[in-house]
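# no FASTA, just this:
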């Protein structure tokens, strides 16, 4: 039988002599084995729990009811077991799993840990958001910060139409969820009550927001009144809106540019911060506090100074 | 000059220098010696005054796609936000002010963006101006759009257009007030040309027309129309106006009321300027009201159909009568306005410059409302919506463990504890890549099955009393990882390849240790030693099994490194393997009995099963290496050569390539 049918190429034949003497991790190892890229990529993805069924992540749907946000730590044991399972896939019997293959596994795992991509050697945290937000604002911007440092986002992915998972490397003290910046839009808040409002902006279009920690309802608003309509239509009484803008801003006259400025909505940003110190010094920790509810600021910050 | 990216400037309007129409331009020439000094007669040159006509044009019946930079919500969207106002962006900044509405100043636009529920209006397309003139019952195009026959000279009546028809009651409810509101709904934006808002624009200035109505009903289809308001002077009945009309001293009725006193109908018609109804009355002298639209007035009389109220004696409307009867209706009976509507509530047709449809989403889509609703609440065991740590509020055991149904591999049903990878507390991490994190139930180096990761826990919630439940969390993780890898053909291939390569190196080293004393270029001795390993044959004979393996048998490497120094610390076992995932091996445990020559056994699969079956005819006596014995090699090499011609070919090729003997 011709040799060429046995081996892929002459180059491969030449390379045969270059096999390392020993496996990495073995006593007397001299040659570091290069881990194949596709394998490394796959394992990195696995570290980020990619392809892990949702039921394995959240075993009881009650843990993540509709319209909820949950923060979490990633269990390094679970992560390691997942990796070990994946590495065992090529083994069909106990002989393949013999400890003498440990060198190969060690080499792969050490290599993976060296990439600092959020493996079992690092603290990984994250959040799950189950909400209509995910569906209607799929490009939601999520930022996690530890003090002033922005944490690396290891993964931000929609698991379903309404579930978003985000993983960060490190522990955040502050998490910001910001409305994606799409096109210009004009809108009214709070219309479900039958009467709406818009946030008052100053001459530069900057939302007039009290410095944190002002709770939400204290924002200065401009009321938007609808025409009386027995059929339930919500048609703005524009003339009265102009009056409200005039009163709210103190402008001498209100024209269409003034109306547009007040009606134009800017990306909304919700901030979560740890609020109770638990008696320890140092930066407060969103995740350690378990006390995320008192969202501190509500800042429409994206279009500031935009006028 | 333009604004920075991400910023914008707003202007209330941009009025054109010249409105559309025909203009005459004339040019006179004067030549003077000194500027500003009147020329003497001698200096005056007579030049012919130049005159020419100029036509300023602007769209009137439709705005083409090149003029519409954007419509919001996007046309065809299925999940529009009920809290956002539709708007349209127009490329030519002066467009909304390019024409004037009769009786209004230059700050009022001639167009408005109207929003209809699909059921409120009818869109009429692929029509012509001629059709529209007919629909409005006017004498000609110029009676609807003054001067249009000057602007469009060729067959103006055939000019294509579309219109939207809606009842007066709807139009009055949604149209901006002509004199006060229209001018507040259009503005000019100066934007950076690189911003998405200016996409398709040329000068960084765009006009925006805002709608005054919210698409406030979820899951509803909407029609947004940018309409031309030119044909509708201030006195036109479609414009919003006070809707209350005096009926009798001290009482009022509104149009929205479903039932109205008969004597209120006429004033309402008059107030509405309802020409159709007025014409009907004019023609017939009275209006015949179907009996089913008429009810007695319970506040003044008995119930029952069309009963004249005795107390109301002779008071009649004077103009409304019952169908088929000469009897005039009493003034105090009630008329069902809803069903009277075709007469009372005429439909008007508005020219449509641009239109699109969209649908609102099923529920709330507004980011701010949704995130605030979540952020405002801390999740608890009672109220789970809101913010919290995953698994803190729902758990069956401290540590966020959940009791789950579990069927063991032995088929026994029971309950076990499970916790996913996402936990509500920080856990210690591993110190390096290959050391297990603290708390890992076993040494990963000896991990070969998921069951090794199962731990036993104290019983708790969800577990039968007396049961000793297992914790299967990490076993599930292991099995999940294995299944994911198995589902990925590419990954599996790499894993198989690399595990194979790893074994190969071991095997080679091991062989080198065991057989290193032979001169491999004179490979007969080695081959004879390998004779027992008949499965080598599969590797070489059947390349389809291993066509792409670099060195399936390890023999090439073996030949190559034959003269290299022997490494220290080699394992004592001999490894060899075959194609696929199975492995055969000879170890001192299975094959070599201490103290004497035994049959070399080759086993497949589980070495725990004990020594495998020796292969008849290929047995070779082997003495354990560690005892320092020397292998006894049979001399019959010819038979071997015949039996493994391909293997021999490989080895010979190698030897030849290296200038061997």
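Right, received. Where do you want to start? Here the structure is a predicted model, which is why all the values come from computation and not from measurement. Numbers count the residues shown, from 1 in each chain, chains lettered A, B, ... in the order given.
# Run through the stretch 151-300 of chain A and note the low-pLDDT ranges.
Applying pLDDT under 70 to the stretch 151-300 of chain A flags the ranges A:182-183, A:192-194, A:204-219, A:230, A:274-300.
# how about the helices in it?
For the stretch 151-300 of chain A, the helices defined by DSSP state H, counting those that start in this stretch occupy A:238-249, A:256-263, A:286-289.
# ranking those by burial, who's on top?
Neighbour counts (mean count of other Cβ atoms under 10 Å in any protein chain shown) averaged over each of those peak at helix A:256-263, with a mean of 23. Bear in mind the C-beta positions are built from the backbone N, C-alpha and C, glycine included.
# which other helices and strands contact that helix?
Under the contact definition 3 or more Cβ pairs under 8 Å, 6 or more residues apart in numbering or on different chains; DSSP states H and E, helix A:256-263 sits against strand A:185-187, helix A:238-249, strand B:8-11, strand B:186-191, strand B:205-210.
# Can you tell me the closest non-neighbouring residue to residue B:352?
Of all residues not flanking residue B:352 in the chain, residue B:162 sits nearest, at 4.5 Å (Cβ to Cβ, 6 or more residues apart in numbering or on different chains).
# Roughly how far does the one you found sit from residue B:171?
From residue B:162 across to residue B:171, the span is 17 Å (Cβ to Cβ, to the nearest Å).
# These two: which has the busier surroundings?
Between residue B:162 and residue B:171, residue B:171 has the larger neighbour count (other Cβ atoms under 10 Å in any protein chain shown), namely 27 against 20.
# Can you tell me the closest non-neighbouring residue to the more buried one?
For residue B:171, ignoring the flanking residues on the chain, the nearest one in space by Cβ to Cβ, 6+ apart is residue B:238 at 4.4 Å.
# What is the burial count for that neighbour?
23.
# Could you tell me which residues make contact with it?
By Cβ atoms under 8 Å, 6 or more residues apart in numbering or on different chains, the contact set of residue B:238 is B:168, B:171, B:172, B:175, B:232, B:348.
# any chance of the residues you listed in JSON lines, plus secondary structure?
Converted to JSON lines, those look like this (DSSP: H, G, I helix; E, B strand; the rest coil):
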{"residue": "B:168", "secondary structure": "helix"}
{"residue": "B:171", "secondary structure": "helix"}
{"residue": "B:172", "secondary structure": "helix"}
{"residue": "B:175", "secondary structure": "coil"}
{"residue": "B:232", "secondary structure": "coil"}
{"residue": "B:348", "secondary structure": "strand"}
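# Chain A: which of those is nearest?
Distance to chain A, by Cβ to the nearest Cβ, is smallest for residue B:175 among the contacts of residue B:238, at 8.8 Å.
# I figured residue A:238 was touching residue B:212, is that so?
Yes: applying Cβ atoms under 8 Å as the test, residue A:238 and residue B:212 come out as touching, 5.5 Å apart.
# any shared contact partners between the two?
Joint contacts of residue A:238 and residue B:212 (Cβ under 8 Å, 6+ apart) are B:176, B:181, B:185.
# Which among those count as buried?
Among the shared contacts of residue A:238 and residue B:212, those classed as buried by neighbour count (16 or more other Cβ atoms under 10 Å in any protein chain shown) are B:176, B:181, B:185.
# so which of these are also by chain A?
For chain A, the contacts drawn from those by Cβ under 8 Å from any Cβ of the partner chain are B:176, B:181, B:185.
# out of those residues, who's nearest chain A?
Nearest to chain A out of these is residue B:181 (Cβ to the nearest Cβ; 4.0 Å).
# re the thing from before, let's have the helices of the stretch 151-300 of chain A in CSV, adding distance to residue A:143.
Shown next, in CSV, are the helices of the stretch 151-300 of chain A (distance: least, Cβ to Cβ, whole Å):
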stretch, distance to residue A:143
helix A:238-249, 31
helix A:256-263, 27
helix A:286-289, 12
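# Those helices: which one's closest to residue A:131?
The minimum distance between residue A:131 and the helices of the stretch 151-300 of chain A falls on helix A:286-289, with 18.5 Å, by Cβ to Cβ.
# I'd like the shared contacts of residue A:238 and residue B:212 as CSV, with pLDDT appended.
Listed next are the shared contacts of residue A:238 and residue B:212 as CSV, based on pLDDT from 0 to 100:
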residue, pLDDT
B:176, 95
B:181, 94
B:185, 96
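# with those residues in mind, which one is nearest to residue A:273?
Ranked by distance to residue A:273 (Cβ to Cβ), the shared contacts of residue A:238 and residue B:212 are led by residue B:185 at 40.2 Å.
# Identify the residues contacting the closest one.
Per Cβ under 8 Å, 6+ apart, neighbours of residue B:185: A:238, A:256, A:259, B:109, B:112, B:113, B:176, B:209, B:210, B:211, B:212.
# ok, it to residue B:228 distance?
As judged by Cβ to Cβ, residue B:185 and residue B:228 stand 15 Å apart.
# can you check residue B:374 too?
With Cβ to Cβ as the criterion, residue B:374 and residue B:228 are 45 Å apart.
# Give the other helices and strands that the helix or strand in which residue A:45 is found contacts.
Per DSSP states H and E, residue A:45 falls inside helix A:37-47. Packing contacts for helix A:37-47, counted by 3+ Cβ pairs under 8 Å, 6+ apart, involve helix A:76-87, helix A:102-114, helix B:473-486, helix B:489-515.
# what's next to it, contact-wise?
With Cβ under 8 Å, 6+ apart, helix A:37-47 has contacts from A:51-52, A:79, A:82-83, A:86-87, A:108, A:111-112, A:115, A:117-120, B:481, B:484-485, B:488, B:490-491, B:494-495, B:498.
# Neighbour count says what about the residues you listed? Which are buried?
Buried among these (16+ other Cβ under 10 Å): A:51-52, A:79, A:82-83, A:86-87, A:108, A:111-112, A:117-120, B:481, B:484-485, B:488, B:491, B:494-495, B:498.
# Burial check on residue A:146, number of neighbours?
When neighbours are counted by other Cβ under 10 Å, residue A:146 registers 18.
# Would you confirm that it contacts residue A:175?
No: using Cβ under 8 Å as the test, residue A:146 is too far from residue A:175 to be in contact (10.4 Å).
# in chain A, which spans are strands?
Ranges of strands within chain A are A:68-74, A:124-130, A:141-146, A:149-150, A:152-158, A:163-169, A:174-178, A:185-187, A:196-199, A:221-224, A:234-235, A:264-265, A:269-273, A:298-299, based on DSSP state E.
# Which one of those lies nearest to residue B:393?
Of all the strands of chain A, strand A:68-74 comes closest under Cβ to Cβ, at 9.1 Å.
# Report the rounded mean pLDDT for the helix or strand where residue B:351 lies.
Taking DSSP H and E as the criterion, residue B:351 maps to strand B:347-359. Average pLDDT, strand B:347-359: 94.
# Show me what it is packed against.
For strand B:347-359, the packing partners by 3+ Cβ pairs under 8 Å, 6+ apart are strand B:68-72, strand B:122-128, helix B:129-135, strand B:160-167, helix B:168-174, strand B:221-228.
# who's in contact with the first one?
By that I understand strand B:68-72. For strand B:68-72, contacts defined as Cβ under 8 Å, 6+ apart pick out A:183-185, B:84, B:86-91, B:197-201, B:206, B:224, B:354, B:356.
# Just the buried residues out of those, in PyMOL syntax.
Selection of buried members from the contacts of strand B:68-72 for PyMOL, criterion 16+ other Cβ under 10 Å:
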select buried, (chain A and resi 184+185) or (chain B and resi 84+86+87+88+89+90+91+197+198+201+206+224+354+356)
